[in-house]
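1. Show me how the following folds:
(2 chains)
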Amino acid sequence: MLPFWLRLRVCKPGRRGFRLWFPVILIWIILGALLIALFPLVLLAALITWRNGPGRFLLFLYPMLAAVLWNLSGLHIEAKDDENDVLIDFA
Amino acid sequence: MSEEKRKVLEMLSQGKITVDEAEKLLAAIGEPDNEAVSSTGGKRQWKYLRVVVDPGPGSESKDKVNIRIPFKLIRAGLKFAAFIPREYQGQVDEALKEKGMNVDLSKITPEDLEEIVSNLDDMTVEVDGEDKVRVFCE
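-> You can find the predicted model right below:
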């Protein structure tokens, strides 16, 4: 399932810093529209470069990208040291 | 019918256990821990790979790392990596060597990658030192 929210926190320990709950679903909508608009060009590029270029990669780009984005939900990265406190969480 | 259920029924027919006991045993067999056991091979189905680093006892360091990566994302990412054009694989190999990983990506097939990921769920690593490092599945 596509993640709906991106929780972002970049701050110094003990300080407020930068905190954000971003509706990342908006990005997926824009990205989806962009990918659909670019699809004929990508298909053409894949056909042209099929023999000795990245044609195969271009053809599989869409399903692979979809697989990565679809499974981002649940990704949680949190790192903290003396100077920085970073959190990236897809929910 | 599973072997366990058959044995319970045989024990019941032989009079070794009572009806109540048989009922309890059948209920226990019929309700496996769905969260931890898959219906396919009885192998645990973990969802996430976790990496947790905490300061060890007496450590002055306050470094903390808490990473949770969905296994499905790892699989999808590895498939992506398999499509790295050959002309760039050398550069990736060099970068990995600099980090101490002597791996030739061109010799790793998608099947190899799948096998690595499918066996990751059996892994638990705990390192107690200045920092306490735990790598496990959940």
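
2. in the longest helix belonging to chain A, what's buried?
-> Ranked by number of residues, the top helix in chain A under DSSP state H is helix A:25-48. With burial defined by 16 or more other Cβ atoms under 10 Å in any protein chain shown, the residues of helix A:25-48 counted as buried are A:Trp28, A:Ala45, A:Ala46. Every C-beta, even on glycine, is put in place using the N, C-alpha and C of the backbone.

3. Around chain B, pick out the residues from chain A.
-> A:13, A:54, A:56-57, A:60, A:64, A:67-68, A:70-82 (Cβ under 8 Å from any Cβ of the partner chain).

4. Buried subset of those as a PyMOL selection?
-> In PyMOL, this line selects whichever of the residues of chain A next to chain B come out buried by 16+ other Cβ under 10 Å:
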select buried, chain A and resi 54+57+60+64+67+68+71+72+73+74+75+76+78+80
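
5. Tell me where chain B is predicted with low confidence.
-> Scanning chain B for pLDDT under 70 picks out B:1-3, B:24, B:28-44, B:82, B:85, B:105-106, B:110, B:113, B:121-122.

6. Strands of that one, residue ranges please.
-> Shown for chain B, the strands assigned by DSSP state E span residues B:48-55, B:64-70, B:125-128, B:131-137.

7. Quick check: which of these is nearest to chain A?
-> Nearest of these to chain A, taken as Cβ to the nearest Cβ: strand B:64-70 at 4.0 Å.

8. hang on, the earlier thing: dump the buried residues of helix A:25-48 to TSV, plus pLDDT.
-> Shown next, in TSV, are these (pLDDT from 0 to 100):
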residue	pLDDT
A:Trp28	91
A:Ala45	88
A:Ala46	86
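
9. ok, A:Phe22 to chain B distance?
-> 19 Å (Cβ to the nearest Cβ, to the nearest Å).

10. does that residue have beta-bridge partners, and which?
-> A:Leu6 (DSSP bridges).
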